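In: Need coordinates for the following:
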Amino acid sequence: MGYSEIKPHPALQLYIDAYWISENTAKTVQQIMILPDGCVDIIFNLEDDYQSESGTILMKSGAVHFVGTMMRHKMYRIIGKTKMLGIRFKPAAFFYFFKFPPLSEFTDQNIELKTTMLPTIHHIDEHTQGHLDNFFLNRLSAPKYPILPIINEIRNQHGLIKVNELAKTYFTTNRQLERHFQNSVGVSPKEFIRLVRYQFTYHKIKNNTAGKCLATIAFESGYYDHAHLTNEIKKFTGSAPSQL
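Out: A predicted model of the protein is given here:
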């Protein structure tokens, strides 16, 4: 299983996290775990039907799918030859390029898209990055209610911030924040804060070179106690902190 990422043009990097390529040429079963990251993706299937070990077709050959914001992990057991090209948009950045229904309609969903609104991609070569860059640079336009500064504030604070504080800082109301987040991110501000805090804590646990106990990590990450941390990690990853 091969996986690689390409950074987009510098002018796009505030909005697009990466172009990514996932390829499998083996006929053996591949187990794939996908964890929530707050992003949404457009995915081009450039090879055979993408199917599970049981034979269920997850994405037809040549199809393009939109994957909404994930709030829970997903595990797939895939078989066959596959090649995917993905565009991963940073939280709240999708609407800088597309007019779309509220993303709350697609949370934890995977839907097929019409290719008329997308760049034409039939294969990957040395011109693919330039083709994607040109497409998105030409479409780049700020939405009516941009909330990227609020997203960045939450991430800079590692999710250790309250919705009330955000509303006061950005001269808005909790209700308006709720509406903008449901539209542009797909989840409420409170849920997004939880997601960001989980990501921060997940990396602290994975890189715990100092040997801190989970109770200490829980306190540093804003959880009530060890049990609260464990429940949140399990919600997003399906595993206990000790299994990461």
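In: Tally up the residues packed near residue 168, please.
Out: 12 (other CB atoms under 10 Å). No exception for glycine: its C-beta is placed from N, CA and C like everyone else's.
In: Packing partners of the helix or strand harbouring it?
Out: Secondary structure assignment for residue 168, by DSSP states H and E: helix 163-169. Packing partners of helix 163-169 (3 or more CB pairs under 8 Å, 6 or more residues apart in numbering; DSSP states H and E): helix 148-156, helix 174-184, helix 189-206.
In: Take those helices and write them to JSON lines, including distance to residue 223.
Out: As requested, the helices and strands packed on helix 163-169 are arranged in JSON lines below (distance: least, CB to CB, whole Å):
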{"stretch": "helix 148-156", "distance to residue 223": "16"}
{"stretch": "helix 174-184", "distance to residue 223": "22"}
{"stretch": "helix 189-206", "distance to residue 223": "7"}
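In: For residue 23, which of those is the nearest?
Out: helix 189-206 (25.4 Å; CB to CB).
In: Tell me the helix or strand right after the worst-scoring helix or strand of the chain on mean pLDDT.
Out: The weakest-scoring helix or strand in the chain, judged by mean pLDDT, DSSP states H and E, is strand 50-52 (a mean of 75). Downstream of strand 50-52, the first helix or strand assigned by DSSP H and E is strand 57-59.
In: follow-up on the earlier one: now the least confident helix or strand of the chain: buried residues?
Out: Residues of strand 50-52 classed as buried: 50-51 (neighbour count, 16 or more other CB atoms under 10 Å).
In: Neighbouring strands - and their directions - for it?
Out: Strand pairing for strand 50-52, determined by DSSP bridges: strand 57-59 (antiparallel), strand 74-79 (antiparallel).
In: In the protein, where is pLDDT below threshold?
Out: Applying pLDDT under 70 to the chain flags residues 1.
In: tell me the contacts of the residue nearest the centre of it?
Out: Central residue of the chain (CA atoms, centre = their mean): residue 39, 2.5 Å from the mean position. Residues in contact with residue 39, defined by CB atoms under 8 Å, 6 or more residues apart in numbering, are 17, 69, 88-91.
In: I'd say residue 40 and residue 87 touch.
Out: No - if you go by CB atoms under 8 Å, residue 40 and residue 87 don't touch, sitting 9.3 Å apart.
In: same for the helix or strand that contains residue 228, what does it pack against?
Out: Secondary structure assignment for residue 228, by DSSP H and E: helix 226-237. On a contact count with 3+ CB pairs under 8 Å, 6+ apart, helix 226-237 meets helix 189-206, helix 214-220.
In: buried sites along stretch 34-47?
Out: Per 16+ other CB under 10 Å, stretch 34-47 contains these buried residues: 36-47.
In: quick check: domain ranges of this structure?
Out: Following automatic domain parsing, the chain resolves into domains at 2-139, 148-243.
In: quick one, the helix holding residue 228 and helix 189-206 angle?
Out: With axes from the mean of the first three to the mean of the last three CA atoms, to 10 degrees as the basis, helix 226-237 and helix 189-206 are set at 100 degrees to each other.
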